[in-house]
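1. the following block contains a protein sequence and its predicted model.
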Amino acid sequence: MVHGSFRSLSPAGLLIDDVVIERDRILIIARCHAAAGECPDCGERSRRVHSSYERRLLDLPSHGRTVQLRVAVRRFRCAMPGRIGTFFACLDLHHRPSVKPTFLPPVDCPRRIFVERLHETVAGKSARRTLRLDAIVHHLGVALGGRPAASLARRLMLPVSKDTLLRVVRRHASRASRDRSPLHVIGIDDWAWKRGQRYGSIICDLERRRIVDLLPDREPATVEAWLSCHPEVRVISRDRGGGYGQAATRAAPQAVQVADRWHLMENASAAFLEAVRRSMRLIRMALGNITIDPALLTHAERLQHDGYLRREEAYGIIRALAKTGTPIKEIVRRTGRSRKLVRDIVRGGGGDVFRCRSNLLEPHLAWLDAEWSAGCRNGAELWRRLHKTAGFRGSLCVVAEWTTRRRRAESAGSERLRKPPPARALSRLLSSERDHLTKGDAITVARIERAVPVLVSARDLVERFHGMVRDRDPHALPAWIADAAGSVLASFGKGIVTDRAVAAAAMTQPWSNGQTEGQITKLKLVKRQMHGRAKLDLLRARPGAPT
């Protein structure tokens, strides 16, 4: 007799005959409690036992030991093969002479012998693990992947290999893909297989907040083929890229296309930044920094300045060819430059002298000036003091470069080396409220506004556009498009005219691509966990699985 405490170790539907406790495992010997088996083909129940065999299953560990089930499984003879059905049909007619003696067609069951199935809560067909253990294995594979999940499984007393974990994840994903509810609102965006080289497409169900599918590329034909298989889609949220818009227009004309609100605002800010970059020559003149003394530059700044001179020489050739009326295609052929670069230069673009990030020392310049005036001229010592007192996280090279520039400026006879801020910093200053600026920044902004008034109108247009998106006011869009046509933001305005319906839908519809961006972040995490070697089916399975 088996003690009652061990009965809870066995899954439902089994009768325990014996329990053997060994040093590293618990062996449970059990059998099915059903008296008869049901044929999987004809559904007839049979008690005619043909033979039996032993089926071994792994179960959840218990008390620091692995648990193994040995289940005695019987084979039955089907009660309804063709000749037996004919025999019983004739026998029935013999005992009822009043019925006209007509022979019924034999019941033809192709299966002669079948195996009794375990209960649906115990294990599946041909499985070597119980369903509850298989569920744990699946969740480990979804959460951690192959090797990390296998390492954790060993600590949990689950003897599962990394390949088995991935097979379980793929198997559950294939089952889930066959049972999917209709899609009505989707978000689509691209994600990087390998940044800058190869991209795919991600499709999310925005109503249920989950990944629907991953496509191997971002070609319009691929997206169009997927949308053609889902005619129930009613809303498509996307970025302002042309490929997804073309595919949605062709394959899903019934769907409302919605632009992502964050991308709309970011595109407007990027257009203003480009306008600032094109006006850097006028900005340097306004700030009195039109000439640059190479003797006062550090080694890194000198390299940037030399590259700027080489670029200006090449850009001068492009501008000269454009003035003579040479087409862009011919300029590309003669100079060997990319079409995008030639188009930007012809439209008035160009690079700044110092294309650098904002300096990490900007919040600490007043403190450094005070220490320098107090007599501390050693870069390493200044860096140590700054790190200790102000919690500065930058490297020693940043402070050392500042001391070099300051020392060279003093040897040249000026108090400080004056360099205009980069275009990105100026764009931020021009877009900030005046109350949030320091006195020096406010003076810089006032000089730029007085010398370059086109940037003031461009800034006002960007602020108006941001206000429209925040307030969800599509009625102000026509007036904004008319005002932007004659400004430095005319190129951005033309793009809005092309996607006017999509931009207006972004201000009226509640959907946006924020969920899709979050799923892309999750997908990036999975790619890094798997060292970038996961195939498309596994990438579909892991981020798309419910957690």
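-> Everything's here; your move.
2. angles on the backbone of the nearest residue to residue 497 once chain neighbours are set aside, please.
-> With CB to CB, 6 or more residues apart in numbering as the measure, residue 481 is the residue that lies nearest to residue 497, at 5.9 Å, once sequence neighbours are left out. C-beta: built from backbone N, CA, C; applies to glycine. With angles defined as degrees, to the nearest 10, residue 481 shows backbone torsions of phi -60, psi -40.
3. neighbours of residue 481, how many?
-> For residue 481, the number of neighbouring residues by other CB atoms under 10 Å comes to 16.
4. doesn't residue 499 make contact with it?
-> No: between residue 481 and residue 499 there is no contact, the gap being 11.4 Å when judged by CB atoms under 8 Å.
5. buried residues in stretch 157-175, which are they?
-> 157-158, 160, 162, 164-166, 168-170, 172-173 (16 or more other CB atoms under 10 Å).
6. now stretch 225-232
-> When neighbours are counted by 16+ other CB under 10 Å, the buried residues of stretch 225-232 are found to be 226-227, 230.
7. again with stretch 327-347
-> Buried residues in stretch 327-347, defined by neighbour count with 16+ other CB under 10 Å: 331-332, 335, 337, 341-342, 344-346.
8. got CSV for those residues, with distance to residue 217 too?
-> Conversion of the buried residues of stretch 327-347 to CSV gives the following (distance: CB to CB, whole Å):
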residue, distance to residue 217
331, 31
332, 26
335, 31
337, 28
341, 26
342, 28
344, 27
345, 31
346, 31
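9. list just the nearest of those to residue 265.
-> Nearest to residue 265 among the buried residues of stretch 327-347: residue 344, at 22.5 Å, using CB to CB.
10. doesn't that closest one fall inside a helix?
-> Yes: counting by DSSP: H, G, I helix; E, B strand; the rest coil, one finds residue 344 located in a helix.
11. and the helices in the stretch 351-500 of the chain, which stretches?
-> Along the stretch 351-500 of the chain, counting by DSSP state H, counting those that start in this stretch, helices occupy 365-373, 379-390, 396-411, 423-431, 439-451, 453-471, 477-484, 490-498, 500-508.
12. can you tell me which of these is nearest to residue 207?
-> Once the helices of the stretch 351-500 of the chain are compared by CB to CB, helix 500-508 is nearest, at 16.9 Å.
13. orientation of the closest one relative to helix 453-471 in degrees?
-> Orientation check (axes from the mean of the first three to the mean of the last three CA atoms, to 10 degrees): helix 500-508 against helix 453-471 gives 60 degrees.
14. who touches helix 500-508?
-> Contacts to helix 500-508, defined as CB atoms under 8 Å, 6 or more residues apart in numbering, come from residues 238, 240, 245, 256-261, 264, 468-469, 472-474, 477, 481, 496, 512.
15. could you redo the last one with a cut-off of 7 Å?
-> Counting by CB atoms under 7 Å, 6 or more residues apart in numbering, helix 500-508 makes contact with 256-259, 261, 264, 468-469, 472-474, 477, 496, all of which sit outside it.
16. what subset of those is buried?
-> Neighbour counting by 16+ other CB under 10 Å classes 256-259, 261, 264, 468-469, 474, 477, 496 among those as buried.
17. can I get stretch 246-256 as CSV, trimmed to CA atoms?
-> Output for stretch 246-256, consisting of C-alpha atoms alone and laid out as CSV, is shown next (Å, rounded to 0.1, in the frame of the first residue of the first chain):
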residue,chain,number,x,y,z
GLN,A,246,2.8,52.0,-50.2
ALA,A,247,2.2,48.4,-49.0
ALA,A,248,-0.8,49.4,-46.8
THR,A,249,-2.3,51.5,-49.6
ARG,A,250,-2.1,48.6,-52.1
ALA,A,251,-3.0,45.6,-49.9
ALA,A,252,-5.3,47.1,-47.3
PRO,A,253,-7.2,50.1,-48.8
GLN,A,254,-9.9,49.6,-46.2
ALA,A,255,-7.5,50.3,-43.3
VAL,A,256,-7.0,53.8,-41.8
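18. rewinding a little: which residues are common contacts for residue 481 and residue 499?
-> Contact with both residue 481 and residue 499 is made by no residue, according to CB under 7 Å, 6+ apart.
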